[in-house]
Structures are given as structure tokens and as C-alpha cells.
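J.: how would this look folded up:
(one chain, ligands or ions: 2)
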Amino acid sequence: MKKRPNITIISARQIILWVLAFAVLAFIFQTRGAQKTVKLDYSDFKAKVAAGAVSNVVIGKDLIEGSLKDGDKISKFETVRITDDKDLVADMTRAGIKYKAMPDNSWVLSLLLNVGLIVLFFAFWWFLLIRPQQGGGKGNPLSFGNTKAKLQMGNNEGITFKDVAGCDESKEELEDTIKFLKNPKRFQKLGGKLPKGILLYGAPGTGKTLLAKAVAGEAGVAFFSASASEFVEMFVGVGAARVRDLFEKAKKMAPSIIYIDELDAVGRRRGAGIGGGHDEREQTLNQLLIELDGFESKEGIILMASTNRVDVLDPALIRPGRFDRHINVPAPDMKGRKEILEVHARKVKLDPSVDLGDIAKGTTGFVGADLANVVNEAAILAARTEKPAVTKSDLEEAVERVFAGPQRRSRLISPKEKRIIAYHEAGHTVIAKKTDYSDPVHKVSVIPRGPALGYTMQLPLEDKFLTSRSELIDRLCVLLGGRAAESVVFKEITTGAHDDLSRTTAYARQMVAELGMSDKLGPISVQTNEDEVFLGRELARHKYSEELLRSIDTEVTGLVKGAYERAKEIITANRDALDTLVERLLEIEVVEGKEIDEIMANPAAYKEKLKTLKEKEAAEKSKPADETVQEG
Ligand code: ADP
Ligand code: ZN
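T.: Ligands and ions are numbered 1, 2, ... in the order given. So this is what the prediction gives:
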């Protein structure tokens, strides 16, 4: 890589050095020769003049200097001038003393001193006020507009897809991007749709940055990364300048990847903050939008960014032609965790008896960064006890430690809780499968995601614009399936269904009050506030009779209760399927649609099939690899 000469390189340290050097010079200048100078009173001076004992007198504005003759010894003297003495010159002429006037250069000195003070002041100001805001930046005070973007060339760090595990779908979605970066022109000729802005979203530590680096590594292109929060913490206008600079640099090195971490730091909805938002943030965001629109992906630049949440981003950012490709980087499932552990275990010496699958099983909710941490901690533990290799107990203790870390505590899920969560989610699933009008179940998971402890994902077969009453009734039932399963299985209910319940109630109210779907009330629609559909009662109160409003309440309650009873019946009738699904969930955490179908169709047969499958696997494992015994 060629480095552009940077004309603005004057570091803070250099400034401080200059100031110091200047101060020293000024000091010397002021006090030069001071050591041997004799200070005379004016009267003594006049006496010496009269005696002819001085020479080379220099008369300044306030001071008189010169040489003092004392026999052979010559020393310097100075005296404070009394300007009233009009006879001095005449006296000196009379005594034959050489004299001259000192040029008045004191203003130069004072100017220099003042400038020095100002510089000193700015240096302090910068050190105390500005620098800390840059996050301890080692940056140049005179080159604010230059990004601190770290440049990574090609395979510098050597990160490729091999280093990223547990997110195969995300990787697959990035294949096209790699093809494009490898040869932008050819990709275009083949008619591939040009990607431009790719947004990676997912919880912190799931490997978004790693994935972006791996794309650069796979394609062998330059990688520029910057953190959006860095842009925001700068002077007004500087964030925008840095964005501009970042794009310029990336263009020079195209094909390349620009990666912006924590995009939400600049990309939050404009005007959403208290007091109308952050000026600097908005400027930076606007500049980013300008750059996004201004570059063509033909140029061979791919912009990637990461965020925890897409929904907080400014809609302008995710419009078509900007960050329009959204790729989820999910928290890994059990298999994924095992793979991630394997990736990181490559760097340490692992005892052969360690089964990383076991560790994966006990780390539900851990993301890639946590797992990297576990392996690292385990290696430290092993080293501390001077073991030749990392053992199972090291890993288990490391898991405990990482669990106990501040951000993980909230994610700690005990086996007992996990079982309840599994039954809850399986409850949703079983109802969804056993009601006629529900959308197909895509997958069910007991991996925490955001505030949810698990989730059941249903996907409609096709786009729908109308929803029938039967569908809505079934939807209520599915929503209540989690609570129903808890109640049937454990004879006890938990707080886990809170969100389900509020959604159920909201749906039911909408059905009765707005969609005219209640038998008793008939096709009426009570006008409610559009934005707060379900809080609209207060506003509606004076428009409608108390009686009508009360019967709406009764109907809503009836609808919900009916759905709940039905859900419990379905659960009881399909207990086998429920138990089997839970068993499988506890085993692998995520069960896909196809497997769910199998379980639902015939739980007993499924169990049998799984059992033989496992026995076969176990047999293969225990069989020595070099077994060549021939029978007969
Ligand atoms: P994010 O950008 O999503 O917050 P990072 O990419 O910064 O997460 O992940 C931090 C570290 O955690 C990585 O450098 C890597 O060591 C480890 N890590 C995270 N996810 C994975 C993964 N899927 N596979 C392997 N290692 C991972
Ligand atoms: Zn639920």
C-alpha cells in the first residue's frame, strides 16, 4: 500500500515540544549573561562614569548596561535608568566613554511571549477538553477530518469464512457479495444484481464484524472499518468530514469494503432524540446518505454496517439503493455453538477426552464472543495449573466464569426453566399444527432472542390481504398455547406468557370492537383512536353507550376464555407430541418445520426412528477406525 503524504501531521506532542522549546529560549533571552552582571545603583553608576571606570555603555529604555573596569578585571553591569538625568550623555562624553542607545526591541519579546501563552492555552484546552472526547484518541489535532479508519489489506488478518461458525445462512447470503468483489466487471457482465449497502443485524458478539472481515478476506480486498460512535463524538462538522474522507480512501483502494460498526449511533431516526436530536449526529447521517447516493457500486465498493436493531434506524438509511440488504446474524444454536467452540479451540491444546458438544449443550444463549471467551478462560485456567492441555473441567469452570460476567447474568437459564420454556414454545407449536387456519410453523426455538426466552416462528404460505374470523380465532388459540401447555403440564403458570396475553387481548378487542366479528354484538365498529387502537376507549366513551362498551368487554373476555379452554383441550389431546417435541427441543434447541411435521404426525414412530439413528451413530463412534477383520 502506498501512503499518501499527509501535510497535516503535527501531533499534539510536537506542539507541546515547540511550546517548551520556545519558553526555554525566551527565558534564556531574558536572562542571558545575567550571571556576572553587577547591579549598580544609579548614583554608583554616575560615580563610575565620573571616574571613567565604565565602557561600552548601552542606554536602553529602562536599563543601562555596559562593562565595568576594575583594574584588569572587566565585568558587566547594569543599572536602572533615571530618565530625568539629562546630564548623563554630557558626562559620558566628557569622560570619553563609548556609549550607544539600545534598539527598542522589547515589543518583539512581548509579542513572542504573548503568542507563546496563547499557544500554551490552546494546547491545554485541547488536552483537557477535546482529547478525552475523542475516546483517548491518539489522533492528530490538526487533522480532525481524517478518519481513524483502520485499513486492512486483503488477507492481512487472514480472517476467512473458516473463522466464522454457526451462521451458515448469513454466510450464504454473502456469497454473491464476495463474487462481486473478486471481479466487479465480470459479475456485472453476468447480470448479477449489484449489492451496495449491506446491513448485518443481530445481538452484540454474534460475529458481525468478524463476518465483514471474512468477506474482505475471502475476496482479498481492502477493508476499511470505522465505528459510528467515533463520528458522533467529534466536533461539529468533523463527523461529516470523516465520513467523506473514509469514502475517498476506500475509492482509491477499490474494490474494497467499508464497514461501519454500531450504525445506530449515527443512524437513529432523525429528530427522535430529546430536544430534536443531536446536531452532529444528524450532519454525519446526512453526509453518510450523500455518500451512499453518490457512489455507484460499479466502483467496486461495498458498504457494510452492523446494528443490534434495524427498527431504530432512520428509514432513509434502509431505503432501496442504500442499506437495502439486511442479513441477520443470529445467536448460534447448539450445533453452531459447537462449531464456534471448535474454531476457537484450534488455537489451544485440547485434551482428547473433551467433547465440545457437551460444552455447547450447557451454553444456551451464549454468542460467539462469549464462546471465544470461554475457550480463552479455559486456556488460562489450564496454564495456571500447568496442565499439558485444556480439560473438560477447565472448560466447565470457564463457562461458569463467563456466565457470571455482568452482561450474562440475565441470560442464565437453569435446566428447570429451560424445560418450562420448552413446554411453553412447544405449546404454541402444537396448537399451530392442530388448528386448521394457522400459518405453517417454520421453526421453534428455545434460544433466547432479545427479551423473548424462546420463539415459535410461523410463516404464511403466501401474501395475504384478508384475514378471516376463523384465522383470527385460531391465532388467539396459538397465542394462548404457551400458557395452556404450562398449565396442563406443570399445573402452574409463569410470567413467561405476559407478551402473549397482551397480544391476545389486543386481537380479541380488535375483533369485537372494530371488525364486527362478535356474534352477540354483530357487525359494529366502534371508532377508536387510530394510533392507539386499544387504548381508544376513553375517547370513545362519550360517543357510545355504557352498555355497548360493557358488552364489548364481556365479549372480549368470552373470546379469550374460549380460546384458552380450546388450547388446553388440544394440548391434553396431543400430549405425546408435545412431550416428544420438548424432548427434542431440550436436545438440539431449534427444531425445524420438517421435523415438527414428523413429530406431530406420529410421535411414537419419530421417537423410534430417532432412537435407532442414535444407536447407529454411537456404534460407529465406538468402532475402532482400523478394524479390518474379515468374517468367514
Ligand atoms: P459483533 O460485531 O457482532 O458484536 P464481533 O464480530 O466483534 O461481534 O465478535 C467478537 C469476537 O467474538 C470475534 O472476534 C470472535 O473471536 C468471536 N466470535 C463472534 N462470533 C463468532 C462466530 N460466529 N464464529 C467464531 N467466532 C466468533
Ligand atoms: Zn409465548
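J.: now do the contacts for A379.
T.: Contact analysis of A379 by CB atoms under 8 Å, 6 or more residues apart in numbering lists 348, 390, 394. (Each C-beta comes from the backbone N, C-alpha and C, glycine too.)
J.: how far away is the last one from L288?
T.: Distance, D394 to L288, by CB to CB, to the nearest Å: 45 Å.
J.: more crowded one of these two?
T.: Per other CB atoms under 10 Å, whichever of D394 and L288 has more neighbours is L288, with 30 against 26.
J.: pLDDT value on that one, please?
T.: You'll see L288 listed with a pLDDT of 79.
J.: got it, and the one 10 residues further on?
T.: We note a pLDDT of 65 for K298 in this prediction.
J.: check V430 too.
T.: For V430, pLDDT reads 96.
J.: which helices and strands sit right next to the one helix or strand it maps to?
T.: Using DSSP states H and E, V430 falls within helix 415-434. With contacts taken as 3 or more CB pairs under 8 Å, 6 or more residues apart in numbering; DSSP states H and E, helix 415-434 sits against strand 441-445, strand 455-458, helix 469-490, helix 546-573, helix 575-588, helix 593-601.
J.: tell me what angle the longest one forms with helix 575-588.
T.: By that I understand helix 546-573. Per axes from the mean of the first three to the mean of the last three CA atoms, to 10 degrees, the angle that helix 546-573 makes with helix 575-588 is 80 degrees.
J.: helix 546-573 packs against which elements?
T.: Against helix 546-573 (3+ CB pairs under 8 Å, 6+ apart) you get helix 415-434, helix 469-490, helix 498-513.
J.: export these as TSV, with columns for distance to ligand 1.
T.: Listed next are the helices and strands packed on helix 546-573 as TSV, based on distance: least, CB to the nearest ligand atom, whole Å:
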stretch	distance to ligand 1
helix 415-434	22
helix 469-490	29
helix 498-513	25
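J.: could I get those as JSON lines with mean neighbour count?
T.: Formatted as JSON lines, the helices and strands packed on helix 546-573 follow (neighbours: other CB atoms under 10 Å):
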{"stretch": "helix 415-434", "mean neighbour count": "24"}
{"stretch": "helix 469-490", "mean neighbour count": "23"}
{"stretch": "helix 498-513", "mean neighbour count": "19"}
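J.: out of the ones you listed, name the one with the poorest average pLDDT.
T.: Taking the mean pLDDT of the helices and strands packed on helix 546-573, helix 498-513 comes last: a mean of 89.
J.: for the nearest residue to A497 once chain neighbours are set aside, what are its contacts?
T.: Spatial nearest neighbour of A497, chain neighbours left out: R483 (4.0 Å); criterion: CB to CB, 6 or more residues apart in numbering. Shown in contact with R483 (CB under 8 Å, 6+ apart): 424, 427, 493, 497, 500-501, 564, 567.
J.: out of the residues you listed, the closest to ligand 2 would be?
T.: For those, the minimum distance to ligand 2 (CB to the ion) is 4.1 Å, reached by D500.
J.: those helices in the stretch 101-250 of the chain, which residues are they?
T.: 106-125, 131-133, 168-182, 184-189, 208-219, 228-232, 238-252 (DSSP state H, counting those that start in this stretch).
J.: from those helices, which stretch is densest packed?
T.: helix 208-219 (a mean of 25; mean count of other CB atoms under 10 Å).
J.: and that one, what's its mean pLDDT?
T.: On average, helix 208-219 scores 91.
J.: start the count at 571, not 1, going forward
T.: In the new count, where the first residue is 571, that last one comes out as helix 778-789.
J.: packing partners for it?
T.: Using 3+ CB pairs under 8 Å, 6+ apart, helix 778-789 sits against helix 738-752, strand 767-771, strand 792-797, strand 826-831, strand 871-877.
J.: tell me if the first one is near ligand 1.
T.: By that I understand helix 738-752. No: figure legend: helix 738-752 not in contact with ligand 1 (CB under 6 Å from any ligand atom); closest approach 8.7 Å.
J.: relative to strand 767-771, how tilted is that helix?
T.: Going by the same axes, to 10 degrees, helix 738-752 makes 160 degrees with strand 767-771.
J.: repeat that for the third one.
T.: Interaxial angle of strand 792-797 relative to strand 767-771 (the same axes, to 10 degrees): 50 degrees.
J.: can you tell me the distance between the two ends of stretch 664-679?
T.: End-to-end distance for stretch 664-679, by CA to CA, to the nearest Å: 34 Å.
J.: hang on, the earlier thing: next one: the helix holding V1000 to chain centre, how far?
T.: A distance of 32 Å separates the centroid of the chain from that of helix 985-1004, by CA atoms, centre = their mean, to the nearest Å.
J.: and it with helix 1116-1143, angle?
T.: Going by the same axes, to 10 degrees, helix 985-1004 is angled at 100 degrees with respect to helix 1116-1143.
J.: check whether helix 985-1004 contacts ligand 2.
T.: No: shown here: helix 985-1004 not in contact with ligand 2 (CB under 5 Å from the ion), separated by at least 5.5 Å.
J.: picking that back up, quick check: which of the helices and strands packed on helix 985-1004 is nearest to ligand 2?
T.: Across the helices and strands packed on helix 985-1004, closest to ligand 2 is helix 1039-1060 (CB to the ion), at 3.4 Å.
J.: returning to what we had before: got the CA coordinates for the helix holding V1000 in CSV?
T.: Taking only C-alpha atoms (Å, rounded to 0.1, in the frame of the first residue of the first chain), the coordinates of helix 985-1004 have been written out as CSV:
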residue,chain,number,x,y,z
PRO,A,985,-32.4,-26.6,33.3
LYS,A,986,-35.7,-26.3,35.1
GLU,A,987,-36.5,-23.0,33.5
LYS,A,988,-35.4,-24.3,30.2
ARG,A,989,-37.9,-27.1,30.5
ILE,A,990,-40.7,-24.7,31.2
ILE,A,991,-39.7,-22.5,28.2
ALA,A,992,-39.5,-25.6,26.0
TYR,A,993,-43.0,-26.6,27.0
HIS,A,994,-44.3,-23.1,26.5
GLU,A,995,-42.9,-22.9,23.0
ALA,A,996,-43.9,-26.4,22.1
GLY,A,997,-47.4,-25.5,23.3
HIS,A,998,-47.6,-22.7,20.7
THR,A,999,-46.3,-25.1,18.1
VAL,A,1000,-48.7,-27.9,18.8
ILE,A,1001,-51.7,-25.6,18.7
ALA,A,1002,-50.4,-24.1,15.5
LYS,A,1003,-50.2,-27.5,13.9
LYS,A,1004,-53.5,-28.7,15.3
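J.: that'll do, ta.
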